[in-house]
Structure formats: structure tokens, C-alpha cells
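Visitor: next comes the sequence, and after it the predicted model I'd like to discuss.
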Amino acid sequence: MRYFALAAAACVATAAVAQPMAARIADRQANYKQMGAAMKAINDQLRSGNPSVREIRRRSALIAGFSVRLLRWFPRGSGPEAGARTRALPAIWTDHDSFTRRGAALVVAARRLDAAARGGDLVSIRAALPAVSRACSACHDDFRAPEH
Amino acid sequence: MSRIAIWDLPTRAFHWLIVLLMPALWWTGEEHMYDLHLLLGEATLGLILFRLIWGLIGSSTARFAGFVRGPGAVLAYLRGQRPARVGHNPLGALSVLALLFLLANVVGLGLFASDEDGLAPGPLAHLVTYDSARILAERHEQVFWILVGFIGLHVAAILFYLLVRRENLVTPMVTGGREGSGGEAAMAAAPAWRFFVAAAAAAALTWLIAAGF
């Protein structure tokens, strides 16, 4: 039984290392979808007559947490050459410095938003949100292919 | 021959404002200028609501009851029978209904739609999930292109009337009237207070929807 568990663990570890790029791309897309849904939820809250800071905080925490890991979702080889459907543009790797800077800018903006959400003040939350939107768009404009 | 009134000012203003808004909405949507896109979309919503109310209480040629006819009248028109009154002919009435219906659908879907990054959800998108809002955004775009197709048909029909039938439909939509052929009854204009009632009701409804209810 112990050997079996060990073997299974080894298999899992190997699979994680050799995780095919298609799976990495799918994970990345799922993560971005979660971030998009979180942004929508924050905007929805702020638009409603009675915004819930708790609901906003849940989402700002997700965005701040994901923003830190985001650059790691783009290993070399996970671009269009991977063969899977992806809108990640080759510029991510050819102009990696600006890509990294955009990622860092998101971390700063997302942390500010999360700090404002934890503070619970809606005025500060509203003030911190546009910088996050701009950080999303700044990267998507240059490093993501259009939808169609 | 004397000049007779056909279209009142609110109907003409509605028409030409939509003409201006359509390319602006397309461009702001295409370029992801969502703040402006939503603002213009809300303006379009207000115009549609106004036109629907004006279709009930406006001048004679603006009223649905005045120009929407049954299939019999459409067939008679196609066989060459000239309508007895000014305004939309029975076939043109169908075009007006189709354009208004599609426009209302595009705007209605846009209210519940969201961009993929969740940056600018429509004013009623809080009522649906992210996934639904994304599907509705796709429909929003698809129905827009159907609308563009019908606008093309509308423009082609106007060109047909101008070039083949030698009838200019554009000038009356600008000036509000044309030379009468005699024996035609002109438009019965609605009093100004009705315009203010319709505009106020449309503005109030638009404000309610834009605020997310």
C-alpha cells in the first residue's frame, strides 16, 4: 500500500512537471475568467443602490491574490506555438520586460484596491478601482489578441 | 401644389440621432471604449423609449396605429395600390417595426451584457451571472449585425425609390414635408405638451434602468 501511494505521488509529481502546455493554457484561461467575473461582481456591487463591502472584499482579495501569480501563468512555450487555442500574443515573450512591468503595475493597483476594500470605505474603493481596470486593459491591449 | 407636412420634428430628430449613434456605438464597442459605449447606449435606450411612447401619443404619422397595416394592405401596396394617406406606406411600416424591434433587442441585450474582463458590465448585468452576461454580450453583437443588415436593406429601399421610382424620401425626413400632389391629407401634428410628457417619461424610465433599478 505504501509503495502504491508513493508511486501515485510520483506520478502526480511527474504529471505536474510535464503538465502539457495545453493544460497550462486552459488553467490560465480559467483563472482569467475568475478575475473577469470578480471584476464584474465588484462593478455590479458599486452600481447597485446598496453595495456590500463584504462581497467586494471577497473579489478584491481574489484579484490581488491572482495578480501576484499571474506572470507565472505564462511559461515559455505556452503561446500560440503550443497548438491550443490561446489569445496570448508572442510579444509576451519577445517583449518580456514590458509584459513584466504591466504585471507588476497590476499587483500594485490590485493591492491598493484590496486594502481599500478591507478598510471598508466605499469612496476609497471607488477611487482605487479605475487603476485596476486600466492595468487590466493596458496589458490586454498589447499582449492579448482580439476576441474575433 | 402646396407643401404638406409629413414628419414631425421629434420623429425626424429620433431618426437622425439614431443615424449618428449607430456608428459611434459600433466604434466605441469595437475599440473597447466602454464608458462612452455605455453612455451612448443609455442615450439610445432613452430615444427608443421615447419613440415607443411617441408611437402611441405622437403626431398621426408617428403613431403605430396610424401606419402599421395588415398583410392585406401590404399585398395591395405591392400590387401597386397607392396609400391614401401620407407617412409610412404599408411595406415601409414593416421595415420601421423590424428596425425598431432589432434596435430595442440590441440595446436590451447590452443592458445585461458584460465585457470579458468585467470592467464595464451593463446597468442590469448585476441581475445575471458572469457567464450569462458573456453569452448576452455575444448575442448583443450578433443582433447588432442583423440590425446592420436591415439598415442596409432600408438604405437600399430608399435608393430604389430615389433612382427607380423618382421619389425622394430623404429630404422630407430632413425638412419634415414635401410638395403635396393635391387631395392628400397632411400629418395631424401632436401638440407640444405631448412631446414633453413623452420625453419626461422616457427620461425617467432610462434613468431608472441606467441606475440598475
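Guide: Good, I have the coordinates.
Visitor: for the residue lying closest to B:His88 once chain neighbours are set aside, give me the pLDDT.
Guide: In this structure, B:His88 finds its nearest non-sequential neighbour in B:Phe67, 4.1 Å apart by CB to CB, 6 or more residues apart in numbering or on different chains. All C-beta spots, glycine's among them, are computed from the backbone N, C-alpha and C. Looking at B:Phe67, its pLDDT reads 91.
Visitor: any idea how far chain A is from B:Phe67?
Guide: Distance, B:Phe67 to chain A, using CB to the nearest CB, to the nearest Å: 38 Å.
Visitor: neighbouring contacts of stretch A:53-73?
Guide: Applying CB atoms under 8 Å, 6 or more residues apart in numbering or on different chains, the external contacts of stretch A:53-73 come out as A:24, A:27-28, A:31, A:34-35, A:38-39, A:41-42, A:45-46, A:99-100, A:103, A:106-107, A:110-111, A:113-114, A:116-118, A:120, A:122, A:125, A:132.
Visitor: from the middle of its chain, how far away would the longest helix anywhere in chain B be?
Guide: If you go by DSSP state H, chain B has its longest helix at helix B:130-163. Centroid separation between helix B:130-163 and its chain, computed with CA atoms, centre = their mean, to the nearest Å, is 12 Å.
Visitor: in this structure B:Leu17 contacts B:Leu47, no?
Guide: Yes - checked against CB atoms under 8 Å, the pair B:Leu17 and B:Leu47 is within contact range at 5.9 Å.
Visitor: more neighbours, the two?
Guide: Ranked by neighbour count (other CB atoms under 10 Å in any protein chain shown), B:Leu17 and B:Leu47 place B:Leu47 first, with 21 against 15.
Visitor: and the helices in chain A?
Guide: A:2-17, A:21-47, A:53-69, A:91-94, A:96-119, A:122-143.
Visitor: those helices: lowest mean pLDDT?
Guide: Lowest mean pLDDT within the helices of chain A: helix A:2-17, at a mean of 51.
Visitor: tell me which parts of chain B are close to chain A?
Guide: Residues of chain B lying near chain A by CB under 8 Å from any CB of the partner chain: B:32, B:114-121, B:123, B:125-126, B:129-131, B:133, B:211-212.
Visitor: now do the buried residues in stretch A:103-119.
Guide: For stretch A:103-119, a neighbour-count test (16 or more other CB atoms under 10 Å in any protein chain shown) marks A:Gly103, A:Ala105, A:Leu106, A:Val107, A:Ala109, A:Ala110, A:Arg111, A:Arg112, A:Leu113, A:Asp114, A:Ala116, A:Ala117 as buried.
Visitor: same list (these) but as JSON lines, adding distance to chain B.
Guide: Converted to JSON lines, those look like this (distance: CB to the nearest CB, whole Å):
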{"residue": "A:Gly103", "distance to chain B": "15"}
{"residue": "A:Ala105", "distance to chain B": "15"}
{"residue": "A:Leu106", "distance to chain B": "12"}
{"residue": "A:Val107", "distance to chain B": "17"}
{"residue": "A:Ala109", "distance to chain B": "13"}
{"residue": "A:Ala110", "distance to chain B": "13"}
{"residue": "A:Arg111", "distance to chain B": "18"}
{"residue": "A:Arg112", "distance to chain B": "17"}
{"residue": "A:Leu113", "distance to chain B": "13"}
{"residue": "A:Asp114", "distance to chain B": "16"}
{"residue": "A:Ala116", "distance to chain B": "17"}
{"residue": "A:Ala117", "distance to chain B": "15"}
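Visitor: so what's the residue count around residue 73?
Guide: Unless you meant another one, I'm taking chain A. A:Trp73 has 17 neighbours, counted by other CB under 10 Å.
Visitor: chain B is the one I meant
Guide: Neighbours of B:Ala73 (other CB under 10 Å): 16.
Visitor: residues contacting the nearest residue to it once chain neighbours are set aside?
Guide: Of all residues not flanking B:Ala73 in the chain, B:Pro90 sits nearest, at 4.2 Å (CB to CB, 6+ apart). Applying CB under 8 Å, 6+ apart to B:Pro90 gives the contacts B:Arg69, B:Ala73, B:Val74, B:Ala76, B:Tyr77, B:Pro83.
Visitor: check B:Pro90 and give its pLDDT.
Guide: 91.
Visitor: can you check B:Ala211 too?
Guide: 88.
Visitor: for the residue lying closest to it once chain neighbours are set aside, which three-state class applies?
Guide: Spatially, and ignoring its direct neighbours in sequence, B:Ala211 is nearest to B:Pro123 (7.1 Å; CB to CB, 6+ apart). Here B:Pro123 is recorded as coil under DSSP: H, G, I helix; E, B strand; the rest coil.
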